[in-house]
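**Q** Just need the structure, nothing else, for what follows:
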Amino acid sequence: MKDNSLHRNSLYILFSITFLFNWSGCSAQEQNSQDGYDYIIVGAGAAGSTLAGTLLANTNENTKILLIEAGVDGTKDPMVTNYVKSGYLMRTKYDWSDVTAPQVHLNGRTVLFNGGKVNGGGSSINGMLWARGHKGDYDSWIPQGQESNSDWQRWKGEKILPLFEYFEHFQGFSKEREPAEAWTAAEFKIPSRVLTREIRYPLADDFIRVAHRNGYPHNEQYVRDLRQGVSYPTFNIFIQPGKEDADIFEKYGRCDAFSCFVSTQHETTRQRLTLKNSTRVFEILYDKEKPDGEMTQATGVMAFDENNKQTETFHLKPYTGQLILSAGALRTPQILMLSGIGNSEVLNPVGIKVKRTLVKVGADLQDHVSTAIVRKLNNDKLKESQKSFTQTTRSESKQPVEKLFIEKLDAHPATLSESEIEVRSACQHLILKTPEHLNTTAITLYFEPGIKEEVKSDINKAKIRPSFQLQSNFARIAKPHPASINEQALDSIEDYVNYFGIAVINLRPFSRGSIKLTSASFLDAPRIDPHYLSDVRDVRAQLKALKEARELLEQFARDSSGWVEDEVFPGAQLITDKQLRNYIREYSSSYAHPCGTCKMGISKEYSVVGPNLKVWGFENLSIADASVMPTLPSANTNASAIMIGIQCAASLLRDRTTASSPINE
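**A** Numbering: from 1, shown residues only. Modelled structure (predicted):
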C-alpha cells in the first residue's frame, strides 16, 4: 500500500511540473498533424475502434485520424488473442480493475468492476458471447412523441437489425448467413465483419433437452430473434490460422473490435491513423469564456503520456475537426466532468467550476446484476463420457470438451502460489484456482419469469421480450475471495472440485446509480455507485427468477443424464424467501455492462447527447460508447457498442456531405 501511495504521489508531482510547463507556453510535447486532426477519438474500445475503422474506410487520403487509448496494445499477446483464457486477464494491466463504492443493498459489499484497458476495450478481455438484444430494446430508446423524427428513426429496432446483419458473418451453423440486402448497397462501407460461431457441448445437449421438457422452447436463432428460449451460445471468434486441428482450448481466436475494424485496414489506409497507447485524456479544450448555454466548439484535448511521463496537447483542425469520446460508460463522464462539463452540485465539491451545465453527466448508471446457482459436477460422468465434441457442421475434436477441460486442470494441479482468478460468469464470488482459466460457457437461456406454462400452450408468448438470462459455466473452486464473500458460507466447499454454475442475470433493472469525481485529478478513479438492488422491483424480480432457475437446475440434477449433483449455492438449507433475498444481497454482483451515464435524449435537461450523438451545446463533440444507451439492451453490450460506433460514423459522414447538418441547439 505504501509503495502504491508513493507511486501515485510521484505521478502527481510529475504531472504538476509538466502541466505548468505547458501552461507557461513551453509544452513538454505537442503532437499534431500539421494544422490538426480531422477526427480525434478518445478510447479504442469496442465502439471507438469500430468508429475509427469505419471513418478510415470512408474518407480520403487527406483525412487524418488520431485514436487515443489509455491502455496498451494486446494484439500480440496470446493471453488476449485466445478468448478461452479471458479469465486470466482480470486484474492485470489489461483491466481497469475498478471497484464500486460500498453497496448499501448488497450488505455493504464493494463489487469488482472489470473493464478493458487495452486496444479493443472490453471486446479484448471478455468472454466473447455475442448477442444483439431484442428489437424492443432499441424501440424503447426513442422518446415518446419522437417516433416519426428522422434522427430518432435510425435507432428503431427494425432499422438497426439490417445494420447488425451487415457486419456479422456466422460460421459453423447449419447454413452460412450473408449480410442483409438492405445494407449491401449502403451509404458507406463497413471495413470488416464480426465472425461469430456457435459452439456445442455434450452437457449442453442434455440441459437443453431438460429445459425444453420443462417449458422452455429451443430458440436456435436467438441472436437474430431474441425471445424466450434456450440455446447454444454464439461467440464472436474465429479459427486461428494453422490451428484448424487443435483442441477447443487452442483453436479459436478472439474477434475483438480493434482487430476487426482497425488492424484489417490496408497498410496505406492505416497510415492516416495515429494511434497513441498508454495515454490518458484528462481535459477537453474549448472556449470556456463563452457564456454557459451558447454553442461552442471543441478545439482539442490534453492528455498524459504514461510511458514518457509528460503531458501532450492534440488539436483539431479549426472549424471542421470532430472530437469523439469513446472512453466507456465510466471514463467518458469522468473526462467531461474534469473539463467542467456537468452538474455544479457534483463538480463544485471537488473544486471544479462548471462551464457547461449538463446535469445528466454521470447520472443514470445502469448495469446487469447477476446471482449464481452452483452445483457440484459429477467427475466420473465427465471422465467416462466418450461423446465427441461437435458443432453443427462437423466434429472438431476427438474428445468431449468436458473431458478436455478436466484433463487440462488435472495436468497442472493448482497450488497456493498460483494466481487466483475470479469467475465472473457464473460464480461471481468464488475463486477459480487453476493454471489456466478456461472460458466454458455452455448454455444461454432467455426467459420471462412465471410464463413458461403459458408458453407451453401458446408459443406466441415466447415472443415477449425476456427480462432475464441464464448463462452456464464450468468452474473449479478453490477458496473464497476474502474481500467480497462471507467465508463461513463456504465451509462445505471442497478445494479443487469441479462445479457447474448458472448466472441469473437481470437484463432490465430499475435501479439507477451514478459516476462522480473523487477529486479534480484524473489520477484518482471516479466513485462508481451503481446502487445495485436499490429499487425493490429488482429484488422481487431477482428472487422470482432465482427460484425458477433453481427449479430448472434441480430438474437437471434429477435427470438420468447425471451431470450434476448436490447444490452448493444457495444451498439446500436456504428455502424461505427471506433467506433467498439475503443470499441475493450477499452474493449478487456486476456483469460488467455499465451504460446510461451520458444517455441520449431530447434535451439537455434530461440527457447528454441527442440522437446524432452530439453533446448538447457543442458543434463538434460527440460520444460513441455504451454511456449513450438510455437503457440496457437485453444482452451482453459488446454488439450494441459496436453498432453505436457505426451509427456515430454514419452521423459524422453525413455531416461532411451535407451542407447544413443538424446541430444540437
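
**Q** So the nearest residue to residue 373 once chain neighbours are set aside, which state does it fall into?
**A** The spatial neighbour of residue 373 that comes closest, neighbours along the chain excluded (C-beta to C-beta, 6 or more residues apart in numbering), is residue 502 at 4.8 Å. C-beta here means a position set from N, CA and C on the backbone, and glycine is covered the same way. When classified by DSSP: H, G, I helix; E, B strand; the rest coil, residue 502 comes out as strand.

**Q** pLDDT score for residue 502?
**A** Residue 502 is assigned 89 on the pLDDT scale.

**Q** Just to check, it is in contact with residue 447?
**A** No - with contact defined as C-beta atoms under 8 Å, residue 502 does not reach residue 447; the gap is 11.9 Å.

**Q** list the residues that contact both of those two?
**A** Each of residue 470 lies in contact with both residue 502 and residue 447 under the rule C-beta atoms under 8 Å, 6 or more residues apart in numbering.

**Q** Where does residue 640 sit: helix, strand or coil?
**A** Per three-state DSSP, the secondary structure class of residue 640 is helix.

**Q** can you start the count at 5 instead of 1 from here on
**A** Noted, 5 is the first residue going forward, which turns the last one into residue 644.

**Q** and it, how far is that from residue 325?
**A** 27 Å (C-beta to C-beta, to the nearest Å).

**Q** Check residue 243 too.
**A** Following C-beta to C-beta, the distance that separates residue 243 from residue 325 is 41 Å.

**Q** where does this protein have low pLDDT?
**A** Counting by pLDDT under 70, the ranges of the chain that qualify are 5-38, 174-203, 205, 251-253, 386-446, 455-467, 478-501, 564, 662-669.

**Q** Would you map the strands across the stretch 455-604 of the chain?
**A** For the stretch 455-604 of the chain, the strands defined by DSSP state E, counting those that start in this stretch occupy 472-484, 501-510, 518-520, 531-533, 568-573, 593-594.

**Q** Could you list every helix and strand in contact with the fifth one?
**A** Other helices and strands packing on strand 568-573, by 3 or more C-beta pairs under 8 Å, 6 or more residues apart in numbering; DSSP states H and E, are strand 373-381, strand 501-510, helix 540-562.

**Q** How about the contacts made by residue 598?
**A** In this structure, residue 598 makes contact with 117, 119, 332, 333, 334, 369, 370, 371, 534, 630, 631, judged by C-beta under 8 Å, 6+ apart.

**Q** any chance of these in CSV, with secondary structure too?
**A** Output for the contacts of residue 598, formatted as CSV (three-state DSSP):
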residue, secondary structure
117, strand
119, coil
332, helix
333, helix
334, helix
369, strand
370, strand
371, coil
534, coil
630, helix
631, helix
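
**Q** out of the residues you listed, who's nearest residue 54?
**A** Within these, the smallest distance to residue 54 is 12.5 Å, found for residue 630 (C-beta to C-beta).

**Q** Nearest spatial neighbour of that closest one, chain-adjacent residues omitted?
**A** Sequence neighbours aside, residue 599 is the residue nearest to residue 630 in space, at 4.2 Å (criterion: C-beta to C-beta, 6+ apart).

**Q** measure the one you found to residue 136 for me?
**A** 15 Å.

**Q** Repeat that for residue 527.
**A** In this view, residue 527 and residue 136 are 37 Å apart by C-beta to C-beta.

**Q** These two - which one has more neighbours?
**A** Remark: of residue 527 and residue 136, residue 136 carries more neighbours, 27 against 13, as counted by other C-beta atoms under 10 Å.

**Q** re earlier: export the strands of the stretch 455-604 of the chain as a markdown table, with columns for distance to residue 262 and mean neighbour count.
**A** Output for these, formatted as a markdown table (distance: least, C-beta to C-beta, whole Å; neighbours: other C-beta atoms under 10 Å):
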| stretch | distance to residue 262 | mean neighbour count |
| --- | --- | --- |
| strand 472-484 | 25 | 23 |
| strand 501-510 | 26 | 25 |
| strand 518-520 | 24 | 24 |
| strand 531-533 | 25 | 19 |
| strand 568-573 | 36 | 19 |
| strand 593-594 | 24 | 24 |
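
**Q** and residue 304, which of the ones you listed is closest to it?
**A** strand 518-520 (23.8 Å).

**Q** isn't the residue nearest to residue 630 right next to residue 336, touching?
**A** No - counting by C-beta under 8 Å, residue 599 stays clear of residue 336, with 10.8 Å between them.

**Q** Between these two, which contacts overlap?
**A** Taking C-beta under 8 Å, 6+ apart as the criterion, residue 599 and residue 336 both touch residue 631.

**Q** Mind checking which of those two has more residues around it?
**A** The neighbour count for residue 599 versus residue 336, taken as other C-beta under 10 Å, is higher for residue 336 (28 against 25).

**Q** Neighbour count: residue 644 and residue 325, which is higher?
**A** With neighbours defined as other C-beta under 10 Å, residue 644 and residue 325 compare such that residue 644 has more, 25 against 21.

**Q** Show the contacting residues for that one.
**A** Taking C-beta under 8 Å, 6+ apart, one finds 136, 137, 630, 633, 637 in contact with residue 644.

**Q** What about the last one, how many residues nearby?
**A** One way to gauge burial is a neighbour count; for residue 637, by other C-beta under 10 Å, it gives 27.

**Q** Let me know the distance separating the residue nearest to it when sequence neighbours are not counted from residue 150.
**A** Once flanking residues are discounted, residue 637 sits nearest to residue 137: 3.2 Å by C-beta to C-beta, 6+ apart. Per C-beta to C-beta, residue 137 is found 20 Å from residue 150.

**Q** same deal with residue 119?
**A** According to C-beta to C-beta, residue 119 and residue 150 sit 31 Å apart.

**Q** Compare the two (neighbour count), which wins?
**A** Taking other C-beta under 10 Å, residue 119 and residue 150 do not tie; residue 119 has more neighbours (22 against 16).

**Q** ok, for that one, nearest residue in space, not its chain neighbours?
**A** The shortest distance from residue 119 to any non-neighbouring residue, by C-beta to C-beta, 6+ apart, is to residue 100 (4.2 Å).

**Q** these two touch, right, that neighbour and residue 121?
**A** Yes - in this structure residue 100 lies within contact range of residue 121 using C-beta under 8 Å: 4.8 Å.

**Q** Need the overlap of contacts for these two.
**A** By C-beta under 8 Å, 6+ apart, no residue touches both residue 100 and residue 121.

**Q** Looking at the two now, which is surrounded by more residues?
**A** Shown here are residue 100 and residue 121; by other C-beta under 10 Å, residue 121 has more neighbours (26 against 21).
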